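J.: Turn this into a structure:
(chains A and B)
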Amino acid sequence: MIDWVWLIPLFPAAGFLVNGLFGRWMNFDKRVVAWTACSALGLSFVFSVLVFFSLLQLAPEARAAVPDRVLFDWIVSGDFRAVVGYKVDPLSIIMALVVSGVSFFIHIYSVGYMHDDPGFTRYFAFLNLFVFMMLTLVLANNFLLMFVGWEGVGLCSYLLIGFWFDRDAPANAGKKAFVVNRIGDFGFLVGIFLIFAHLGTVEFTGVFAKASTLDTTTVTIITLMLFLGAAGKSAQIPLYVWLPDAMEGPTPVSSLIHAATMVTSGVYMIARCHVLYTMAPITMATVAIVGAATAIFAASMGLLQFDIKRVLAYSTISQLGYMFLAVGVGAFSAGIFHLMTHAFFKGLLFLGAGSVMHAMSGELDMRNMGGIWKRIPITFWTFVIATLAIAGIPGLAGFFSKDEILWQTYNSGHRYLWLVGAAAAGMTAFYMFRLLFVTFLGKCRASDEVKKHIHESPAIMTIPLIVLAVLSVIGGYVGIPHVLGGRNFFDEFLAPVLGGPPLGSGGHTAFSLVRPAFAAGGLAEEHGFNMEIMLMAVSVAIAVIGIGIAFYLYLWKTEVPKRLGERLKGLYRLVFNKYYVDELYEACFVTSTKRLGTFLWREFDDGVIDRSVNLVARLMLGIAGVLRRIQSGRVQGYALGIILGAVIIILFLIR
Amino acid sequence: MNLVTTQVTVMDLIVIAPALVLTGCALVILLLSAFVPTGRRGFLGYCAVAGVVAAMASLLWGNDGAQSGFNGMVQRDPFALFFTVIIGIITLLTILASLGYARREGIDFGEYYVLILFASVGMMLMAAGGNFLIIFLGLEVMSIAIYVLAGIMRDDARSVEAAFKYFLLGAFASAFFLYGIALIYASTGTFDLTGINRVFTEQSSIRILPIVITGLALLIVGFGFKIALVPFHMWTPDVYEGAPTTITAFMATGVKAAAFAAFVRVFWHALPQLQPYWVEIMWVLAVATMTVGNIIALVQTNIKRMLAYSSIAHAGYILVAFVAGNQLGAASILFYLLAYCFMNIGAFTVVILLGKKGEERTLISDYAGVGSRHPLLAAAMAIFMFSLAGVPPTAGFMAKLYVFSTAIQAGYYWLAVIGVLNSAVAAYYYLRVLIYVYFREQEGESPITQFAPAAVLVVVISAWGVLHLGVLPSAFFAMAQRSIQFLR
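T.: The predicted model follows:
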């Protein structure tokens, strides 16, 4: 079965081709388009599941050593060889499952959500293309093919953010996403070049096998470059600015691409390259610090936003920060675990937001909502579940994954980072419940016109909500930590690839220097367990406090936030305007680049290059005008030419 | 050397099998044409197609190694096979392109196809000749057939003029060539290429004799005429413009390929010891040919004349690899000719398709608006023009890449630089065609209603060849490299 892995990306590719090439030409009915797109994803998901189970049947050690499924040589040139080949191992198959599964449900949801859009066919073609590219990214067995997927998802992201390209805001947002991502892609490419230059291959297996021959400086540069790529795609400081704007796209797109799948590919990439990263402590520290900083920075920006989708966007950036924190402290499987649970609950939150927009005639500002929970019960309750999950309430998916990250952070000796993470968790709980309360509870502030139309979404949209809600609850149970009596199947499953809980309970790695007491054996284990439970309690308490504050401010004393805002005007404005980062970038980079570009264009391109090109062209035409006269049409002249040529050659040779 | 053999062995037949099949087929067509009624002469064209296919099939007879027949007079080494296949492709495409064209222009006599086949036989013998006599024989068989073909439109003054000019100057150049052969023979005592090589190896003193040097110079003139090197190129635009377009395509590709085959074989196999003498001359000729061809092409308004100058320039590029003179260079010559055959025949066939009876519409400005009227044909033209200009991912780009990297490898940096600059100049006149095709509105009527299916097939095959060679060149380049190894 594993040999059939190439079918997984093939189906969405076929769906894209059918809808993209023939959809408009042959004027497909919407039902045909929807069936094509959704069944392509369904099949892809089914095959992911089949491959997953075939993989499960192998012995754990054998799972990471499945030979790559190489389809064909792609580029062969001298020593360079790149193939189109797929890698099946626990890591890639988890990603494939998450991507194809979540995509499948979001496709179904989209059928309802996009139903009246004139670009229906185009939308599904792009969405299929996106999934194809994403699956290529996660299943690729070499850096170059991964880069194809990487660029491909970037392209689809651009196309779908700017889906309503006839309006300025989406078109500009698409451009911004693309340009910012280019900076990251540059880093990724340089990383690949360096890998090839030093190791002579781009295939994962070969690269990781030979990685030990690299010296620390090289590997640090390589990993930093790759991290730059990851920071672009996964919206980390300083390249996060595109993601909030990306919310201009259709909401299911925000859900699929800008929450559940594409933006997590940076995390996946780092986990995939963990062999390189663990060799570069400086990079690891950078990743962890950037992740933690992003987690809290983005969370703080989410505190005061009024646009539902923007709150969720900052929340996504913040959660991605957690994932980077995890991989940065070496807890790769915790990062992937959070990636998965986040895909469920954040995907759900966005779909819920879409359902709210659907009910509220496209309204996005939560100040114009409130009290609508009874009218849209399914949306509300699923939203509640997702909110509880992201806030880290015990028993739901987010709790397990977030806590594993925080615990691993603490356990690896990064106590300050733990503190940052915990604070961000509190903020998360706060802004999520603020969102929940203001949107669904309290008094309804919508206009009468809108009020009349409030209605629950059709079944085709609510069923995906329910499915994802179920996953947001049970998704965490694959990774119950040992300390709570679980086995942490997730860690165990990924262990053959990622090398198990790296800095876990034993504390036998380099970090044992930091905490010598824990390294001493049984007692330390005991100590660690207690510590883990204690930290868990602390983070839950922080979350509850966050929820409490939200409750106090937005349900109980609703006039307080306004007063508070007036009293702390400066701070309020600073946070509300997202620390003026966009304005700063505009002033520092965009304007100056534009000015340089204009200068080069006017002075250099027009003045120097064009003028010299024109001069040469005129010169050439002049010469041609003279030379063509020789071409008189008279045979005698031609014969003379031959003779002269012969004479010159003979004289030249005999001289 | 014993020239007199009474027995013809099986090996001899294998070695000349394709030429033999083509000759037989040509004779049959000549016979048939007496009986086929005027309206059904298309049948003769199909016979010729079948003949070429059979000739190619006859290559399967015999194995892959280097063989020779008639005491080494004719070679059947991979080099010869490579060119035999190229010439076969060229002949096939030319005949296919002719099927509709010949009827339109009223030249679909049996003789038309017969002469093409004879010319093709001559080309194959030139490529396979291991002896100056055979090479000269092939040259003349080819040339005489082409002289007639160029003037086959008897009522068209330009066609007759073209034939007459070509014949006069061709005879003139043949004399140079023959005299060159004679001088080499006089100094070495043999016509056999391997024998000549042996003499020059064994008696290094005769290399510097004026008689040898003069012979060398005259050979260059002879080949230079057929290949259209500057300053022996001046017949080219007039003849290419006046000849029927199919024959122009045939000349631009077939004659050039065959002449280059013989050129490479003679200079690299028989006269490598003289390389120090000819390499500088070739350098100058390459630069002059590229530059003059490209610059005069800039101001042409007739597409056939433009393509004529373009073919001169391309010969210059090929000569760059010739100068470099290493293994890679030889292989890139072969690859270039293969690529050139597809892109050039393709371009000429588009010209044929867009033309009307009586050779109208060959001005570049006639192509205005083609892009909207015939989008697929325009796309094909775009592919050919981009390839001729050397834009990836086309065959023309890969061919130029190989040629120029060869020059760099051999240390001829300036030559490569001049070549690249020339390519830049060339882009102007190729893209100008596309400007008319896509960006100019057409004035007046749009007369063409239907296209000859066989010619459309030629366009499709050529476009496919151009793209295939451009995207996946390595297999063909490897084949070219294998072919060249037997030369030295």
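
J.: switch to C-alpha atoms for all contacts and neighbour counts from now on
T.: OK.

J.: how deep is the closest residue to chain B within the stretch 401-550 of chain A tucked in, by neighbour count?
T.: At 36.4 Å from chain B, A:Val497 is the closest residue in the stretch 401-550 of chain A, using Cα to the nearest Cα. A count of neighbours around A:Val497, defined by other Cα atoms under 10 Å in any protein chain shown, yields 23.

J.: you'd agree it is up against A:Leu91?
T.: Yes. Counting by Cα atoms under 8 Å, A:Leu91 is a contact partner of A:Val497 at 6.8 Å.

J.: Doesn't A:Ala235 lie inside a strand?
T.: No. With DSSP: H, G, I helix; E, B strand; the rest coil as the criterion, A:Ala235 is assigned coil and is not in a strand.

J.: Run through the residues that contact it.
T.: A:Val241, A:Trp242, A:Leu243, A:Val263, A:Ile317, A:Leu320 (Cα atoms under 8 Å, 6 or more residues apart in numbering or on different chains).

J.: which one of these sits closest to B:Val121?
T.: A:Val263 (65.3 Å; Cα to Cα).

J.: For the nearest residue to the closest one once chain neighbours are set aside, give me its contacts.
T.: Leaving aside its sequence neighbours, A:Val263 sits nearest to A:Ser234 (Cα to Cα, 6 or more residues apart in numbering or on different chains; 4.3 Å). Neighbour list for A:Ser234: A:Tyr240, A:Met262, A:Val263, A:Thr264, A:Ser265, A:Gly266, A:Val267, A:Ile317, A:Leu320 [criterion: Cα under 8 Å, 6+ apart].

J.: Show the pLDDT at A:Ser234.
T.: On pLDDT, A:Ser234 comes in at 92.

J.: Kindly list the main-chain dihedrals of it?
T.: phi -100, psi 20 (degrees, to the nearest 10).

J.: got the residues of the stretch 151-300 of chain B near chain A?
T.: B:165, B:169, B:172-173, B:210, B:213-214, B:217-218, B:221, B:231-232, B:234-235, B:238, B:277-278, B:281, B:292, B:295-299 (Cα under 8 Å from any Cα of the partner chain).

J.: Please state the offset of the lengthiest helix in chain B from the chain centre?
T.: The residue-count maximum for a helix in chain B (DSSP state H) belongs to helix B:157-188. Helix B:157-188 sits 17 Å away from the centroid of its parent chain (Cα atoms, centre = their mean, to the nearest Å).

J.: Enumerate every residue touching the residue in the stretch 251-400 of chain B that chain A sits nearest to.
T.: Proximity of the stretch 251-400 of chain B to chain A (Cα to the nearest Cα) peaks at B:Ile296, 4.8 Å away. Neighbouring residues of B:Ile296 by Cα under 8 Å, 6+ apart: A:Ala624, A:Gly625, A:Leu627, A:Arg628, B:Tyr309.

J.: swap in A:Phe380?
T.: Here A:Phe380 is in contact with A:Gly352, A:Trp373, A:Phe440 (Cα under 8 Å, 6+ apart).

J.: hmm, 10 Å instead?
T.: A:352-353, A:355-356, A:372-374, A:386, A:436, A:439-441, A:456 (Cα atoms under 10 Å, 6 or more residues apart in numbering or on different chains).

J.: Just the buried ones from those, in ChimeraX syntax?
T.: Burial among these is assessed by 16 or more other Cα atoms under 10 Å in any protein chain shown; the matching ChimeraX selection reads:
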select /A:352,353,355,356,372,373,386,436,439,440,441,456
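
J.: Let me see the ranges of the helices in the stretch 501-650 of chain A.
T.: In the stretch 501-650 of chain A, helices defined by DSSP state H, counting those that start in this stretch lie at A:522-551, A:560-567, A:569-576, A:581-585, A:591-599, A:611-630, A:635-654, listed in chain order.
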